[in-house]
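Colleague: attaching a predicted model along with its sequence, questions to come.
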2 protein chains.
Amino acid sequence: MTTQQSSLGVVTPQSVHFETPLPLRSGASLRDYTLVFETYGTLNADRSNAVLVCHALNASHHVAGLHGDLTGQPIPRSEGWWDNMIGPGKPLDTDKFFVIGINNPGSCFGSTGPMHVNPDTGRIYGASFPVVTVEDWVDAQARVLDAMGIEQLAAVLGGSLGGMQALSWALQHPHRLRHCVAVATAPNLSAQNIAFNEVARRAIVTDPDFHGGHFYAHGVVPRRGLRVARMIGHITYLSDDVMDTKFGRELVGRELGEAPHYSTQEIEFQIESYLRYQGDKFSDYFDANTYLLITRALDYFDPARTFGGNLTAAMAQAVAKFLVISFTTDWRFSPARSHEIVKALLDNGLDVAYAEIDAPHGHDAFLLDDPRYMGVMRAYFDRIAAELPASTRTVIDATATEATP
Amino acid sequence: MTTQQSSLGVVTPQSVHFETPLPLRSGASLRDYTLVFETYGTLNADRSNAVLVCHALNASHHVAGLHGDLTGQPIPRSEGWWDNMIGPGKPLDTDKFFVIGINNPGSCFGSTGPMHVNPDTGRIYGASFPVVTVEDWVDAQARVLDAMGIEQLAAVLGGSLGGMQALSWALQHPHRLRHCVAVATAPNLSAQNIAFNEVARRAIVTDPDFHGGHFYAHGVVPRRGLRVARMIGHITYLSDDVMDTKFGRELVGRELGEAPHYSTQEIEFQIESYLRYQGDKFSDYFDANTYLLITRALDYFDPARTFGGNLTAAMAQAVAKFLVISFTTDWRFSPARSHEIVKALLDNGLDVAYAEIDAPHGHDAFLLDDPRYMGVMRAYFDRIAAELPASTRTVIDATATEATP
């Protein structure tokens, strides 16, 4: 992420409450729920400059800007997760676009999730929170846009699981977006992707502190499982090369070439120290049931499933223009997976731009500052901005968007 | 592995007890220990046809043949882990060679390990079993050969961690082997390799049933941790492609294209079922402390460490001839890692044959029946057999090898 001060300043999360139940793909429904969101920039007069940014596993509606403390002062290091990409003068320029981040239901960052009370039982959902899918999230996001009076988005943008939501927007609501920007994503998970998710889930579910997903009532958190889950995840986010460059075989408290301490349980290598730190940090704030729900949403995403596995047939529903981006060293969602998406779009005669960025960072590259990547994004959003009719560039009061349905 | 009946028939493990302490690289030593081994074929008159086979993480001295029940009848499906490679008429032909498999100290398959009594305390070692390295194992193996009266091996052979032992033989005891056959191995672990080991260890160590490594006294086993460790390991043994071919996105109890059950904790995908099964099976028989010890031996192996990271300088000690084999889809120890070994050997003007087998199975390929792989091994061992002086092909009584030191 960027280390510079966010140029958006302090942003305030908003929320919208829905009393109409949201039907889910599982057959269940979610009723009486709240979604938290943030917006950056200003909606123009004909409400045509809105860009929805979809979040991945460990992220939220807080896409850009800083959060404020009780006195309104910016909290240091509270930048949104894509603050390097989004803001005034940045590749997705909030001087031109009205950018929206929405926290998905089932998450643990404010929107209704497993740690909230189930209105049907009066008890905390826990493991009984209904299974949510990428398609369900898109439906939930569409309701927030309805509440804002936004009929058509200039673009939907997302990376990784967020990219899956962007693709799903193009299929579920083809006429509600003009552009779909899908970064470091895949048309579905491979068996290996599912396998990594499953190991992480087993680590959580078999932690005795998980209590079948009802750990809140026991005043504990399945930290051991969450730590292991995060460590596994982290390995898949980084390339082998970047791990070697950053950590190599360096020992903690030893010079290069020195003998190790010879211990099976104490930290020896820098990479161990790094992973344990990441795991500890994650277990402090992430909800275990949310981890299960979000990894399952990843597993289930497969728009080609109901088309006999034919992605071209699935993509026939789309009418948007597409930008697809992949990173050469991403072994979680490799360029080959993006090629599948691009091919299916081209098979349907759709307008597709594709960039394969030669970046060393693995999957995490989509959050980093590679200049070629940033350049592609900037050029593409400049193109979208140029399509906005000049007469509509007058902005309207953004507070007008705080309607309730 | 092969499904055909082993042609070696029933083999009986033997053991040798050592009262002279074995000094270890950690500074500790192992005293009053027993090593279990098996032999196949017959030692020739000048004891020049012995081949030592070194085992990897989840394997033992039981390299080939079948084990027998109390009546001497072969136990079905008890074939050794490399029975497809070793036996009469097989690539490593026991009609020509005297093959030896030795269980390394610290293992859980018979040789002295963490579940045995520490003679210094009269209590089970548990987590206090001393840290062992690849170099220590080679020293331990050398003592077994001393006891057998074998001064020089025709070859040392190993795959994965076994290949590291084979390489270390060539460096520690350069004149005690004529050939070194290192399959699917690496000159050290990458940061990513260490990372996977570390996550597996954390899963074990943080399992409440681990009890700091002294779980034997509590009558429990850290099964949850062992299961997760094995699941992680298994993912790294298989290629992404072979996982997709074998399991893909197939659901359990559903036709292709059907909707899933929508559950975060129940099995949905075939790959989940497979991994859980592998984890369960492993946790029934593998010792948690052994898992820590063996993964640490992997982490520590790095013959170039004391040569400023210069593998060529490290390999200067070798005089043996080498066969190095890698598999194209092995992402645990990729062909690039074997190239490093080959380059360092060639830099020293050594005799090296290298085969890169285009196999789809990932790291596991070294245990499977790829005909090109088998062909290379057969040709190489035929060459070694041809080097044996014809006059020495008279065999001596193998029971003469059961000396104690």
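Modeller: Structure's in. What do you need? Numbering: from 1, shown residues only, chains lettered A, B, ... in the order given.
Colleague: just want the residue of the stretch 1-150 of chain A that's nearest chain B.
Modeller: The nearest approach of the stretch 1-150 of chain A to chain B comes at residue A:26, 3.6 Å away (Cβ to the nearest Cβ). Every residue, glycine included, has its C-beta placed from N, CA and C.
Colleague: quick check, that residue in contact with residue A:133.
Modeller: Yes - in this structure residue A:26 lies within contact range of residue A:133 using Cβ atoms under 8 Å: 7.5 Å.
Colleague: between those two, which is the more surrounded one?
Modeller: A direct count of neighbours by other Cβ atoms under 10 Å in any protein chain shown for residue A:26 and residue A:133 places residue A:133 higher, at 24 against 17.
Colleague: quick check: closest non-adjacent residue to residue A:202.
Modeller: If the residues on either side of it in the chain are set aside, residue A:202 comes closest to residue B:228, at 5.8 Å by Cβ to Cβ, 6 or more residues apart in numbering or on different chains.
Colleague: and residue A:12, by the same measure?
Modeller: Across the structure, with Cβ to Cβ, 6+ apart as the measure, the residue nearest residue A:12 apart from its sequence neighbours is residue A:68 (7.1 Å).
Colleague: and the one you found, how many neighbours?
Modeller: Using other Cβ under 10 Å as the criterion, residue A:68 is surrounded by 15 other residues.
Colleague: buried residues, stretch A:170-179. List them.
Modeller: A:170, A:171, A:172, A:173, A:176, A:177, A:178, A:179 (16 or more other Cβ atoms under 10 Å in any protein chain shown).
Colleague: could the residues you listed go into JSON lines alongside distance to residue A:331 and pLDDT?
Modeller: What follows is the buried residues of stretch A:170-179, written out as JSON lines (distance: Cβ to Cβ, whole Å; pLDDT from 0 to 100):
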{"residue": "A:170", "distance to residue A:331": "26", "pLDDT": "98"}
{"residue": "A:171", "distance to residue A:331": "26", "pLDDT": "98"}
{"residue": "A:172", "distance to residue A:331": "29", "pLDDT": "98"}
{"residue": "A:173", "distance to residue A:331": "32", "pLDDT": "98"}
{"residue": "A:176", "distance to residue A:331": "33", "pLDDT": "98"}
{"residue": "A:177", "distance to residue A:331": "30", "pLDDT": "98"}
{"residue": "A:178", "distance to residue A:331": "32", "pLDDT": "98"}
{"residue": "A:179", "distance to residue A:331": "28", "pLDDT": "98"}
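Colleague: give me the subset of those lying in helices.
Modeller: Using DSSP state H, the members of those that fall within helices are A:170, A:171, A:172.
Colleague: three-state assignment of the residue of the stretch 1-150 of chain A closest to chain B?
Modeller: Residue A:26 carries the three-state label coil when classified by DSSP: H, G, I helix; E, B strand; the rest coil.
Colleague: what's the closest residue to it other than its chain neighbours sitting at in phi/psi?
Modeller: Of all residues beyond its chain neighbours, the one nearest residue A:26 is residue B:262 (3.6 Å), with distances taken as Cβ to Cβ, 6+ apart. Residue B:262 has phi and psi values of phi 60, psi 80 when expressed as degrees, to the nearest 10.
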